[in-house]
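Novice: okay, predicted coordinates and the sequence, questions at the end:
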Amino acid sequence: MGCSGDNQNYASPDVEDVGDAGPTSAGPLGGPTATTAGVTSSVGTTGSASAAGNGVTNGSGSGGVSGTISAATTAPGATTAPGSTTGQGGIGAATTATDGSIPGGPVDCSAISERDGWELCDSGSDFCAAVFSDGAGCAAVCASVGLTCAETWENAEDSCGPDMSRGELSCSSASDHESDYCLCQGPSATAAVGSTTTTGGGGGAGGSTNSSGSDGGATSTTSDTTVSTSTTGGSGGGGSSNPGCEVVAGDAGTVNSTIVVASGQTFDGECRRYRAGSALGDGSQDEDQLPVFRVEDGARLINVVLGAPAADGIHTYGDVTLENIVWEDIGEDAMTIKESGTVVLDGGGAFNGEDKVFQINAASTFRVSNFTARSAGKFIRQNGNTTFRIDVFIDHCDISDMDEAIFRTDSSSSTVTMTNTRYSNIGDSLFIGVSSGNITQSGNTEY
């Protein structure tokens, strides 16, 4: 169920047959293309329609065309390097069930709330999360609201949530426990705040020699929590994008003790939402809050949505890879580099913080790409009054509404390289404390 770039929801650009688009109306065009050179455009391939379960037909529109950009010009919703080609997504198709209903409509979880011995913990448009204390079992709880059991955990003590410090239980067999936590889900998933489920057509082919096309059909909505570098069209003739968790695939419940991702392991959150319990922190600016995730040297954390409160987010120790991480609310800090290493973050977004998005407390290399950050004090901060060197690389990001700066340091040896990035409403300066000779920029656009 991962939400990486090969997500099955995205149209394949090399499919030529056109399926039945179903009883749907055309959706909007994909991300607009800025064109400044007189190179002949090439036509993208035609998208296809694919049938989904429960009588839902997902129709994708015709392919887009490509245009060449000869200067550092960028259209909203698509990030491109100078001289590269951006494909324009074709017309998408809205998703409609054959009975005329809209998938992802609200689930009625009231039957759980009304039952003695059952407690409704959380709910969304396609899920109910609950704890039973009468031995009924998760299958019965979920069946009462017309859903199926997606996950069963022992319930956390004194909390309506899962105890993730213990192993997950099976939905297919009764646990014989008096009380467990149940995650009940329906056939469809809920669109994340600010995202769109309309699918663009295939991207256009690359335009000219030594240039590459970006993916077609950028979603590019205007909500405060849109991951604007995400794309839902088929691939163009190259380019780089990472869709992040555009869809929240249910709620993982409350985390009451830090989840440790050990060296050599990959933790796939499958785009579910994790919230910090009070034992970790309340997501304020109070110091010494605990992280929801601790990622050890050589580990990988992917496809995670951190809801509010997020306490102190994610702590990294050594060489760490993070992919498709969305902070719906930044909390104290979204991520802190606690020990030296190379930390790579590709895809996702972070929103609504009072101070820093990312804090770096040890000599490190930090690479962040295909990421949206909005409404915070600073995008990246090296720990104050430290002189160790850190090297920061920012590529294909969208950064806006920072009260102070994109990167601040007190070290004369630290460096920053920012490329192909859009930025807006940055308070005092793009970079504070960085020696002029340690700043490299290219292909960036202020909007």
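Specialist: Alright, I've got the coordinates.

Novice: first-to-last residue distance for stretch 399-418?
Specialist: End-to-end distance for stretch 399-418, by CA to CA, to the nearest Å: 11 Å.

Novice: now it: buried residues?
Specialist: Neighbour counts over stretch 399-418 (16 or more other CB atoms under 10 Å) mark 399-402, 404-409, 411, 414-416, 418 as buried. For glycine as for every other residue, the C-beta is placed from the backbone atoms N, C-alpha and C.

Novice: which of the residues you listed fall in strands?
Specialist: Under the assignment DSSP state E, the buried residues of stretch 399-418 contribute 399-402, 404-408, 415-416, 418 to strands.

Novice: these into a markdown table, with extra columns for pLDDT and distance to Ser257?
Specialist: Listed next are those as a markdown table, based on pLDDT from 0 to 100; distance: CB to CB, whole Å:
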| residue | pLDDT | distance to Ser257 |
| --- | --- | --- |
| Ile399 | 97 | 33 |
| Ser400 | 97 | 35 |
| Asp401 | 96 | 34 |
| Met402 | 97 | 33 |
| Glu404 | 96 | 34 |
| Ala405 | 97 | 35 |
| Ile406 | 98 | 34 |
| Phe407 | 98 | 33 |
| Arg408 | 97 | 32 |
| Thr415 | 98 | 37 |
| Val416 | 98 | 36 |
| Met418 | 98 | 37 |
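
Novice: residues near Glu157, how many?
Specialist: 7 (other CB atoms under 10 Å).

Novice: which parts of the chain are helices?
Specialist: For the chain, the helices defined by DSSP state H occupy 110-113, 138-143.

Novice: out of those helices, which one sits most buried?
Specialist: The highest mean neighbour count among the helices of the chain, using mean count of other CB atoms under 10 Å, belongs to helix 138-143: a mean of 21.

Novice: pLDDT on that helix, on average?
Specialist: Averaging pLDDT along helix 138-143 yields 90.

Novice: before we move on, what about stretch 434-442?
Specialist: For stretch 434-442, mean pLDDT is 97.

Novice: from the ones in strands among the buried residues of stretch 399-418, which two are the most distant?
Specialist: Between any two of those, the greatest separation by CB to CB is 24.9 Å, found for Asp401 and Thr415.

Novice: distance of the nearest residue to Leu430 once chain neighbours are set aside from Gln441?
Specialist: Among residues not flanking Leu430 along the chain, Ile406 sits closest, at 5.1 Å (CB to CB, 6 or more residues apart in numbering). Distance, Ile406 to Gln441, by CB to CB, to the nearest Å: 11 Å.

Novice: on that earlier part again, could the helices of the chain be laid out in TSV, adding distance to Ser179?
Specialist: What follows is the helices of the chain, written out as TSV (distance: least, CB to CB, whole Å):
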stretch	distance to Ser179
helix 110-113	14
helix 138-143	11
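
Novice: looking at these, which is nearest to Gly281?
Specialist: The closest of the helices of the chain to Gly281 is helix 110-113. By CB to CB, the value is 28.3 Å.

Novice: contacts for the closest one next, please.
Specialist: With contact meaning CB atoms under 8 Å, 6 or more residues apart in numbering, helix 110-113 is reached by 118-120, 128, 130, 141, 144-145.

Novice: which one of those residues is nearest Arg166?
Specialist: Nearest member of these to Arg166, counting by CB to CB, is Ala130, at 18.0 Å.

Novice: that closest one reaches Arg115, doesn't it?
Specialist: No. In this structure, Ala130 is not within contact of Arg115 by CB atoms under 8 Å, at 9.1 Å.

Novice: and Asp443, backbone torsions?
Specialist: Just to correct that, residue 443 is Gly rather than Asp. phi 70, psi 20 (degrees, to the nearest 10).

Novice: just checking, it touches Thr419?
Specialist: Yes. In this structure, Gly443 is within contact of Thr419 by CB under 8 Å, at 5.3 Å.

Novice: what about Asp251, how many neighbours?
Specialist: 25.

Novice: let me have the contacts of helix 110-113 in TSV, extended by distance to Ser435.
Specialist: Below are the contacts of helix 110-113 laid out as TSV (distance: CB to CB, whole Å):
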residue	distance to Ser435
Trp118	61
Glu119	57
Leu120	56
Cys128	55
Ala130	56
Val141	60
Ser144	64
Val145	60
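
Novice: wait, which of the residues you listed is closest to Cys171?
Specialist: Taking CB to CB as the measure, Cys171 lies nearest Val141 of the contacts of helix 110-113, at 10.8 Å.

Novice: how about the helices of the chain, which one is nearest Gly269?
Specialist: helix 138-143 (20.2 Å).

Novice: which elements pack onto that closest one?
Specialist: Contact analysis of helix 138-143 by 3 or more CB pairs under 8 Å, 6 or more residues apart in numbering; DSSP states H and E lists strand 127-132, strand 148-153, strand 180-185 as its packing neighbours.

Novice: please redo it, this time with the cut-off set to 6 Å
Specialist: strand 148-153, strand 180-185 (3 or more CB pairs under 6 Å, 6 or more residues apart in numbering; DSSP states H and E).

Novice: with just CA atoms, put the first one into PDB.
Specialist: The one in question is strand 148-153. Coordinates of the C-alpha atoms in strand 148-153 are reproduced here as PDB (Å, rounded to 0.1, in the frame of the first residue of the first chain):
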ATOM      1  CA  THR A 148     -13.800  -4.700   7.500                       C
ATOM      2  CA  CYS A 149     -11.000  -5.200  10.000                       C
ATOM      3  CA  ALA A 150      -7.800  -3.700   8.700                       C
ATOM      4  CA  GLU A 151      -5.700  -3.900  11.800                       C
ATOM      5  CA  THR A 152      -5.900  -5.300  15.400                       C
ATOM      6  CA  TRP A 153      -3.600  -4.300  18.200                       C
END
